Every structure is written in structure tokens, then in C-alpha cells.
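# Predicted model and sequence follow; I will ask about them next.
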Amino acid sequence: MGSIEARPRSPRRPATMSEFLASGVTSYSFEFFPPKTPGGERHLWTALREIEALRPSFVSVTYGAGGSTRDGTVRISERIGTETSLTPIAHLTAVNHSRAELRRVIGSYAGAGIRDILALRGDPPGNPLGTWVRHPNGFAYADELVTFVRSLGDFCVGVAAFPDKHPRAADLDADARVLAGKFRAGAGYAITQFFFDADAYFRLVERLARLGCDQPIVPGVMPVTNVAQITRMAQLSGAAFPPALARRLEAVADDAMAVREIGIEVATALSARLLAGGAPGLHFITLNRSTATRDVYRNLVGSAVGPAAGAAA
Ligand code: FAD
């Protein structure tokens, strides 16, 4: 199979996520999703410009269920790479895709100058907890997608990790073995699902170390700004929602500002503990709204701007 060359997007090649993490500089990345409406697109670019001012290490762009945002993911990642100073990580899932289709998407990423790909299996469209059906010419699990992307060219590939275990995994040890398999397939790092208990993250890192894996695992952090939304997301993702936090939020459920303040306070405390305990960076899930994650980031690093990815190249 021929290899796909990523188009260089600047004379000074930016560091990939793996290269950046290897430099030992704390990585701060922010996750966005491709919007479906012109209004959503305006929100996204406003949020991206606000995040750009912080000089984050990377921004990532999700891949919609069943490839529904494929063109949006490619287009937005390319615009980020060419029109901003940010370095994009493009997500990719195996849902409903043949190998030939996946190869085309990866070729589009390369054509857009994207070298960083987060390789995921994805969830069944419609009902994330429904039956997973593999495309007859596609892949069953993310480790196969990692091998495939790596076989096609000089890509830096990241994968998903789950401090509270993936909802379909039998137990925490089985879940850790799956992550180890993705590292063995060639993933250079992992980004976790959001979670609320720092110890769950540290225990995941220890389980991987016992399996001989020392690849960086970047914690995913999502400040609670909307109780109903995060409760639903936690149910679908398997994240354990701590009862004490739920009680605090319920007590102020009618006061959006109070909910937001608690969310930022809790996310800041969690982030600080993760970094103090040795986490290599933080990956903020923004839901395309920059203000809450910017507040957490500022609480952590003050008004200082973060290191740009190119700085480590
Ligand atoms: P896998 O690693 O393949 O695991 C899927 C399930 O199969 C798990 O239960 C696992 O334990 C099991 N399993 C894996 N390998 C084997 C094996 N060899 N034998 C037996 N069982 C196995 N979804 C999107 O649709 N778009 C996105 O952009 C997106 N971005 C994400 C970003 C992050 C940081 C995270 C944490 C998740 C993201 N997701 C996204 C969600 C993700 O696609 C789902 O959580 C999905 O259910 C699992 O994907 P995975 O890559 O971990 O799959």
C-alpha cells in the first residue's frame, strides 16, 4: 500500500503531539466539534480565536457519529492549520467506513497538512450504547485503525482512554489491556474521556505501567456548566458522576451562574491535582464555548500564555 505524505503547512514544521509531549513541556489542548449551522460556525470561530490568544499546544476537532461531519472535520482542521497559529489534531472514527473510505479521509487530512490523528472506533450512530456493527470492509476495534493510519504515512496517532473504564469493557483491567493493545499497535499517546476523580486517572496510569506501557496519557477535563447535559454525557461515556458534586449542583440547579462557578472551581481543582501528580498535560472539552475552559486555564497558569506547539519543533 502506497504511503500518504502530509503536506507541510509551514516552513517550520510544527511538533506533533508525541514530539511535544516528549519535550516535557506541559501540553494544553482544547477540543471542538464541527458545527451544523452557520450560527454554530460563527460561535466556533469566535471560541477558536479566543483560545488562540492563550497559545495552546493543540486544538482537536471531533469526527461526528458515522462520519456525519467528515467534510466539516477536514475543512475546519485545514482552516485551523492554514488561517490560525494553532496546530490541529483531527479525530477519525471507523464507524460505517470501509478501508478505502478511511484511506480517502486520511489522504484528505494529509492534503490539508494534518499530521496528528486521534484514531477511535466511534459509537453506533443514533444510540451510542446500541449494537456496534462493523463495516464489512472496515475495522472492528480502534487498534486496527491505529495500525492502518500508521501504515499509510508519517502520522502521529493518539487514542482514547477511560479512567472509569469504557462502558462496554468487562472491568478496569480488561479496559487497560485494550489501551495497551492500542499503544502496541503504534499509538504514541492517549487522551482520556472526561472524569471527576483524579485517583481514577492515576490508577489507570499505574495499570498501564504494570502492562509495560509508559506512553503519555493526557487527562480530558470538562467543566460542568449545564447539569442536565453533563449528566447525560456522563451516562453515555461511562464517567462516574460523584454524588457529592451532584448534590452541590442540584442545590443551585436554577442558578446558571452558580452552577458555572462550581463547575469551574471543581475542574480547576481536578486539573491542578492531575498536573501536580504528574499528568503530562490537559485536554479541555470546550463544547465550542471557550469561556469556562479559559477560566479554568487562567486559574491554572495565570495570565501567562501557554507554549505554542511550534516552539518545541
Ligand atoms: P476501542 O478501543 O476499539 O474500544 C471499543 C470497545 O471494544 C471497548 O469496550 C473495548 O474494551 C473493546 N475492545 C477494544 N479492542 C478489543 C479487542 N481486541 N477485543 C475485545 N474487545 C475490545 N467518538 C466519535 O464518534 N467522534 C469523536 O471525535 C470522538 N472523540 C473522542 C475523543 C476522546 C478523547 C475520547 C475519550 C472518546 C472520543 N469518542 C469519539 C468516543 C469513542 O469513539 C467511544 O468512546 C467509543 O465507544 C470507543 O472508542 P475507542 O476508540 O476507545 O474504541
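Sure, I can see it.
# Ramachandran angles for residue 277?
phi -90, psi 0 (degrees, to the nearest 10).
# Please apply the same query to the one 3 residues further on.
In this entry, residue 280 is assigned phi and psi values of phi -80, psi -10 (degrees, to the nearest 10).
# which residues touch it?
21, 26, 27, 189, 216, 217, 218 (CB atoms under 8 Å, 6 or more residues apart in numbering). Any C-beta I mention is one placed from the backbone N, CA and C, and that applies to glycine too.
# low-scoring stretches of the stretch 201-313 of the chain, by residue?
303-313 (pLDDT under 70).
# Please indicate which of the contacts of residue 280 are buried?
21, 26, 27, 189, 216, 217, 218 (16 or more other CB atoms under 10 Å).
# Need the pLDDT of the fourth one.
On the pLDDT scale, residue 189 is placed at 98.
# returning to that earlier point: need the buried ones among the contacts of residue 280 in CSV (columns: distance to the ligand).
Shown next, in CSV, are the buried ones among the contacts of residue 280 (distance: CB to the nearest ligand atom, whole Å):
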residue, distance to the ligand
21, 15
26, 18
27, 13
189, 11
216, 13
217, 11
218, 8
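# Closest to residue 88 out of those?
In terms of CB to CB, no member of those lies closer to residue 88 than residue 27, at 14.1 Å.
# How much space separates the nearest residue to the closest one once chain neighbours are set aside from residue 146?
Using CB to CB, 6 or more residues apart in numbering and skipping residues adjacent in sequence, the residue nearest residue 27 is residue 281, 3.0 Å away. Using CB to CB, to the nearest Å, one gets 20 Å for the distance from residue 281 to residue 146.
# how about the helices in the stretch 51-200 of the chain?
70-83, 99-111, 142-152, 172-184, 198-210 (DSSP state H, counting those that start in this stretch).
# Return the most buried member of these.
Counting by mean count of other CB atoms under 10 Å, helix 142-152 has the highest mean neighbour count of those, with a mean of 22.
# what inclination does that helix have with respect to helix 172-184?
10 degrees (axes from the mean of the first three to the mean of the last three CA atoms, to 10 degrees).
# tell me how far helix 142-152 is from the chain's mean position?
18 Å (CA atoms, centre = their mean, to the nearest Å).
# Summarise which helices and strands that helix is packed against.
helix 99-111, strand 116-120, strand 156-161, helix 172-184 (3 or more CB pairs under 8 Å, 6 or more residues apart in numbering; DSSP states H and E).
# I'd like the ones you listed as JSON lines, with mean pLDDT appended.
Listed next are those as JSON lines, based on pLDDT from 0 to 100:
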{"stretch": "helix 99-111", "mean pLDDT": "95"}
{"stretch": "strand 116-120", "mean pLDDT": "98"}
{"stretch": "strand 156-161", "mean pLDDT": "98"}
{"stretch": "helix 172-184", "mean pLDDT": "98"}
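# In TSV, list the ones you listed along with distance to the ligand.
Output for the helices and strands packed on helix 142-152, formatted as TSV (distance: least, CB to the nearest ligand atom, whole Å):
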stretch	distance to the ligand
helix 99-111	12
strand 116-120	4
strand 156-161	3
helix 172-184	4
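# of the ones you listed, which approaches residue 246 most closely?
Comparing the helices and strands packed on helix 142-152 under CB to CB, the one sitting nearest is helix 172-184, at 22.3 Å.
# Report all helices and strands that that closest one contacts.
By 3+ CB pairs under 8 Å, 6+ apart, helix 172-184 packs against helix 142-152, strand 156-161, strand 189-194, helix 198-210.
# which residues touch the spatially closest residue to residue 131 that is not a sequence neighbour?
Spatial nearest neighbour of residue 131, excluding adjacent residues (CB to CB, 6+ apart): residue 124 at 6.3 Å. With contact set as CB under 8 Å, 6+ apart, residue 124 has these partners: 95, 130, 131, 132, 133.
# from those, which single one is nearest the ligand?
If you rank these by distance to the ligand using CB to the nearest ligand atom, residue 95 comes first, at 6.5 Å.
# my read: the closest one touches residue 65, true?
Yes: contact criterion CB atoms under 8 Å: residue 95 and residue 65 qualify, at 6.6 Å.
# who in the stretch 201-313 of the chain is up against the ligand?
residue 220 (CB under 6 Å from any ligand atom).
# Just the strands from the stretch 201-313 of the chain, written as ranges.
217-221, 281-285 (DSSP state E, counting those that start in this stretch).
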